[in-house]
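got a predicted structure plus its sequence, pasted below:
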Amino acid sequence: MRIFLIIISLITIVAESAHAACSTGYSSVLDPTIDAITYTYSDEGIWDVTAPYGHLLGIEVCNDTSGSRAVASATDFPTGTTGQHCWCKMLSPARSAWVYLYDIFSAADCATFCATLCGNDVGRDAQFRSAMFASVTEDICTPNTISINWKDATGSTASSTTCTYDDALVTPSAAPTKRGYRFTGWSYQ
């Protein structure tokens, strides 16, 4: 008896983005009392925080508008402005309002350090996180589902499955058959 292995190609279809289907419930997921595990920042004004409850991503802006520390603003500031007042905004997994962080010494210092300070304070300051999480204007998003077509060596669809973005891939339960051959498993390309 010959042994055969079906080489498959995965075709995935993802709607809009990996996290496009939104639902309610952010307050039960984003816990301001729990500090982050890590935080990073970039020179482009992006901060990134990893916490036990998930991954947070945001931006900063330095402008001429002052505020009160850890208080959200109803104003939607344009990015790319100059000034010495550092504001932070979470973009993922939920979108927050702009939250005032600090008045920094100069516009140049603000441009240099604002993203660093946003990441640090979102990661380590419960009062600041509380203001940001309480100001969420768009609720947390749940992952989209992905349709997977399992194709055989001829390109024909052998099976189709659906999984959720970032979940472990589950192979089809029914093994394909070919007369005179024994199926030994799936191979991923």
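All right, it came through fine.

show me where this structure has its strands.
In the chain, the strands defined using DSSP state E lie at 2-8, 10-13, 21-22, 38-41, 46-51, 54-63, 72-73, 85-92, 98-103, 141-142, 145-151, 157-164, 181-188.

least reliable of these by average pLDDT, please.
For these, mean pLDDT drops lowest on strand 10-13, to a mean of 30.

domain assignment for this structure?
Split into domains by automatic domain parsing, the chain comes to 2-18+143-188, 26-138.

closest one to Gln127 among the strands of the chain?
Nearest to Gln127, of all the strands of the chain, is strand 98-103, at 10.5 Å by CB to CB. C-beta coordinates here come from the backbone N, C-alpha and C atoms, glycine included.

what is the orientation angle of that closest one with strand 85-92?
With axes from the mean of the first three to the mean of the last three CA atoms, to 10 degrees defining the directions, strand 98-103 sits at 140 degrees from strand 85-92.

just the buried positions in strand 98-103, please.
98-102 (16 or more other CB atoms under 10 Å).

can you list those residues in JSON lines and add distance to Ser135?
Putting the buried residues of strand 98-103 into JSON lines (distance: CB to CB, whole Å) gives the following:
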{"residue": "Trp98", "distance to Ser135": "8"}
{"residue": "Val99", "distance to Ser135": "6"}
{"residue": "Tyr100", "distance to Ser135": "11"}
{"residue": "Leu101", "distance to Ser135": "13"}
{"residue": "Tyr102", "distance to Ser135": "17"}
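
ok, which pair from these is furthest apart?
Going by CB to CB, the pair spanning the buried residues of strand 98-103 furthest: Trp98 and Tyr102, at 13.3 Å.

name the nearest of the buried residues of strand 98-103 relative to Ser42.
Checking these against Ser42 by CB to CB gives Leu101 as the nearest, at 16.7 Å.

list the residues that contact the closest one.
Leu101 is in contact with 60, 69-70, 86-88, 114, 117-118, 121, 128, counting by CB atoms under 8 Å, 6 or more residues apart in numbering.

same deal with Val49?
Contacts for Val49 (CB under 8 Å, 6+ apart) come out as 36, 38-39, 55-58, 119, 122-123.

the residues you listed: which two are farthest apart?
By the measure CB to CB, Thr38 and Gly58 form the most distant pair in the contacts of Val49, at 14.5 Å.

give me the more crowded residue out of the two.
Taking other CB atoms under 10 Å, Thr38 and Gly58 do not tie; Gly58 has more neighbours (23 against 10).

I'm done for today, thanks for sticking with me.
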